[in-house]
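> give me coordinates for this.
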Amino acid sequence: MLKKATRFWLQYVSPRVETLIATLGIVGLAACLLLLWIVAKLCREVWEREAFSFDTSFLLWLHQFSTPALDQIMLSLTQLGNPVVVLPIAAITLSVLIWKRQIPEAKMFAIACLGGAILNTGLKLVFGKPRPDLWKRLIVETSYSFPSGHALGSVVLYGAIAYLLSQSYPQFARLIYAIATGLIVAICLSRLYLGVHWLTDIMAGISMGSLWLMLCITMLKLQKLRQVERV
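The predicted structure follows:
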């Protein structure tokens, strides 16, 4: 029995694990495991209807900095995560990838965006967490709160675009990722400032979006690796 298990591991499991580690790297694999732990922790607490004490206190602390000018800035920033902006950006990016005949990248991008939208909608319906109601909000949101669709979606969309751009322009990779990170943080901060999400919603959205995006990118890398091995 032990010999069969050892043979099965060496023949089927070990090569795939080695390929995965080679593709992700030790740091990437560790990051995936950490994100998975965060997601599991948050989901369990929300599922059990446990309240995070820092959620309310953080929003109230943040709200004390509100001003009319800052309101307008945050309303503009949050638009960058709305469907009216996200859908055209995704469509243009996908069209450019197809036009440049980068079909594997186009497939990855489409799957990442579509999967992120399905993941967000499904989880909102499963957990049914109500949104904060601590003050009179400047915008009206009718969907559930957990996870933050703006956080999850912006990580997937802008993160995927940043990855694709960094592959085409590696010399500007740090700048590209810095801009994408700043944009994602700004969108997430706007959701908190406007009082439409708890901090834990944002944390879950970022973690789930990052995990999903890393999975999609890993699948793209593995596909390209197989293509190289066949040549």
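
> which strands or helices does whichever helix or strand residue 111 is part of pack on?
If you go by DSSP states H and E, residue 111 is part of helix 103-127. Under the contact criterion of 3 or more CB pairs under 8 Å, 6 or more residues apart in numbering; DSSP states H and E, helix 103-127 touches helix 14-47, helix 83-99, helix 149-168, helix 199-230. Glycine gets a C-beta too; all of them are placed from N, C-alpha and C.

> do you know how far residue 68 is from residue 137?
15 Å (CB to CB, to the nearest Å).

> more neighbours: these two, which one.
Higher neighbour count among residue 68 and residue 137: residue 137, with 13 against 6, using other CB atoms under 10 Å.

> check contacts around the more buried one.
194-196 (CB atoms under 8 Å, 6 or more residues apart in numbering).

> in JSON lines, list those along with neighbour count, secondary structure and pLDDT.
What follows is the contacts of residue 137, written out as JSON lines (neighbours: other CB atoms under 10 Å; DSSP: H, G, I helix; E, B strand; the rest coil; pLDDT from 0 to 100):
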{"residue": "194", "neighbour count": "22", "secondary structure": "coil", "pLDDT": "94"}
{"residue": "195", "neighbour count": "22", "secondary structure": "coil", "pLDDT": "91"}
{"residue": "196", "neighbour count": "22", "secondary structure": "coil", "pLDDT": "92"}
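
> closest to residue 60 out of these?
residue 195 (9.6 Å; CB to CB).

> what's the closest one sitting at in phi/psi?
In terms of degrees, to the nearest 10, the main-chain angles of residue 195 are phi 70, psi 30.

> before we move on, the earlier item: of the contacts of residue 137, closest to residue 148?
Among these, residue 196 lies closest to residue 148 (CB to CB), at 8.6 Å.

> do you know how far the closest one is from residue 55?
Going from residue 196 to residue 55 by CB to CB gives 13 Å.

> so what sits against both of those two?
Taking CB under 8 Å, 6+ apart as the contact rule, residue 196 and residue 55 both touch residue 132.

> before we move on, the earlier item: the helices and strands packed on helix 103-127: lowest mean pLDDT?
Here the lowest mean pLDDT among these goes to helix 14-47, at a mean of 58.

> please identify the buried residues of the helix or strand containing residue 60?
Applying DSSP H and E as the criterion places residue 60 in helix 53-63. By 16 or more other CB atoms under 10 Å, the buried positions in helix 53-63 come out as 55, 59.

> coming back round to it: in TSV: the contacts of residue 137, plus distance to residue 154.
As requested, these are exported to TSV (distance: CB to CB, whole Å):
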residue	distance to residue 154
194	15
195	18
196	14
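
> may I have stretch 183-196 exported as PDB, CA atoms only?
Taking C-alpha atoms only, stretch 183-196 is exported to PDB below (Å, rounded to 0.1, in the frame of the first residue of the first chain):
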ATOM      1  CA  LEU A 183      -5.600  53.100  -7.700                       C
ATOM      2  CA  ILE A 184      -7.000  50.000  -5.900                       C
ATOM      3  CA  VAL A 185      -6.300  51.500  -2.500                       C
ATOM      4  CA  ALA A 186      -7.900  54.800  -3.500                       C
ATOM      5  CA  ILE A 187     -11.100  53.000  -4.600                       C
ATOM      6  CA  CYS A 188     -11.200  50.900  -1.500                       C
ATOM      7  CA  LEU A 189     -10.700  53.900   0.700                       C
ATOM      8  CA  SER A 190     -13.600  55.700  -1.100                       C
ATOM      9  CA  ARG A 191     -15.900  52.900  -0.200                       C
ATOM     10  CA  LEU A 192     -15.000  53.200   3.500                       C
ATOM     11  CA  TYR A 193     -15.200  57.000   3.500                       C
ATOM     12  CA  LEU A 194     -18.600  56.900   1.900                       C
ATOM     13  CA  GLY A 195     -19.800  54.500   4.600                       C
ATOM     14  CA  VAL A 196     -21.100  51.800   2.200                       C
END
